[in-house]
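Peer 1: I'll drop the sequence and a predicted model, then ask my questions.
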Amino acid sequence: MNETRFASVLNRAREARRAVGAFACYNFEELEAVVRAAETRQAPVIVLISPSSFQSAGGERLVRGFRAMVADASVEILLQLDHVSDLPSIERAVECGIDAVMADGSKLSFRDNLAFTAEVVRAVRPQGIGVEAELGRVEGQEDRTSESLVGEMTDPNEAEVFVEKSGVDCLAVAVGNVHGNYSGAPSLDWQRLGEVRDLVHSPLSLHGASGLPDDDLRRAISTSVTKMNLNTELRAAYFRCLERELDPSSEALDLKRLGDRLTDAVQQVAEAKLDAFGWTAGDG
Ligand SMILES: [Zn+2]
């Protein structure tokens, strides 16, 4: 079967020993920031749409709006519906123009996760939609930083069987990475990551790249992690900027200026991450 666009972007990055930045965007300021960062670094990027965004009122419009906004970008920008656990939502998102899904069966048993993931691949691959799945379970919560979900590390042998049988384009690994803030210094299980790498042929993704030092990011890329999911650090930059810029005494109510500042703040973080992921302007 032909390679999906999603797989092609990841495979090209892997050959160049880089990682594709996958940035969660909740609104148009964030999306604009990520598009600008991608263009300045000439880096292909993936825009993540959270299931909570997609499933809320206006979610379909958001995806169609994002699709329209990235259409004239000078680099390849893919849209991915993140962490979704049901096929009807995935099919709806495909109709809205997404390029890839993260089919999240990580809360299921190995067998049920495999069955769910394989079903998603069968349903959407013929339309050229890329599929990522997760084995083990990344701790934490995607949209917020306060709650946590207890994780479970990826078993390398299970990962090998899972990727072969499901036919996914990319596997998200749980090797000590967490969604949201790390409670102490992050400590990734490098040995486990290396074992997964040796057994699994598809590109690997690391969720919860926020809070990992650049050295860890680079080491993960040299261990062949090809997709880095980032959410918390973008949101943190957004809120820090909002706090700075909000002046209750101001009567200007200058929404354009506020939007520009927010976009700048998020763009800076995205650019710094793309640098750490191996992209520098002009050689993408
Ligand atoms: Zn995630």
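Peer 2: Thanks, I have it.

Peer 1: doesn't Leu87 make contact with Glu119?
Peer 2: Yes - between Glu119 and Leu87 there is a contact under C-beta atoms under 8 Å: 6.5 Å. For the C-beta atoms, the positions are set from N, CA and C on the backbone; glycine is no exception.

Peer 1: pLDDT at Tyr26, what is it?
Peer 2: pLDDT, Tyr26: 98.

Peer 1: ok, now how distant is it from Tyr238?
Peer 2: 9 Å (C-beta to C-beta, to the nearest Å).

Peer 1: Please apply the same query to Glu91.
Peer 2: Per C-beta to C-beta, Glu91 is found 31 Å from Tyr238.

Peer 1: Compare those two (neighbour count), which wins?
Peer 2: Each of Glu91 and Tyr238 has its neighbours counted (other C-beta atoms under 10 Å); Tyr238 has more, 21 against 15.

Peer 1: In the protein, where's the longest strand?
Peer 2: The residue-count maximum for a strand in the chain (DSSP state E) belongs to strand 77-84.

Peer 1: Point out the other helices and strands that the following helix or strand past that strand packs with.
Peer 2: Following strand 77-84 in sequence order, the next helix or strand is helix 87-96 (DSSP states H and E). Applying 3 or more C-beta pairs under 8 Å, 6 or more residues apart in numbering; DSSP states H and E, we find helix 87-96 packed against helix 51-55, helix 59-70, strand 77-84, strand 100-103, helix 110-124.

Peer 1: closest one to Arg17 among those?
Peer 2: Shortest separation from Arg17 across the helices and strands packed on helix 87-96 is recorded for strand 77-84, at 20.0 Å, computed as C-beta to C-beta.

Peer 1: partners of the closest one in the sheet?
Peer 2: If you go by DSSP bridges, strand 77-84 pairs up with strand 45-49 (parallel), strand 100-103 (parallel).

Peer 1: for the ones you listed, which one ends up most surrounded?
Peer 2: strand 100-103 (a mean of 29; mean count of other C-beta atoms under 10 Å).

Peer 1: what's next to that strand, contact-wise?
Peer 2: Outside strand 100-103, the residues within contact range by C-beta atoms under 8 Å, 6 or more residues apart in numbering are 4-6, 46, 48, 78-85, 90, 93-94, 116-117, 120-121, 124, 129-134, 168-169, 172.
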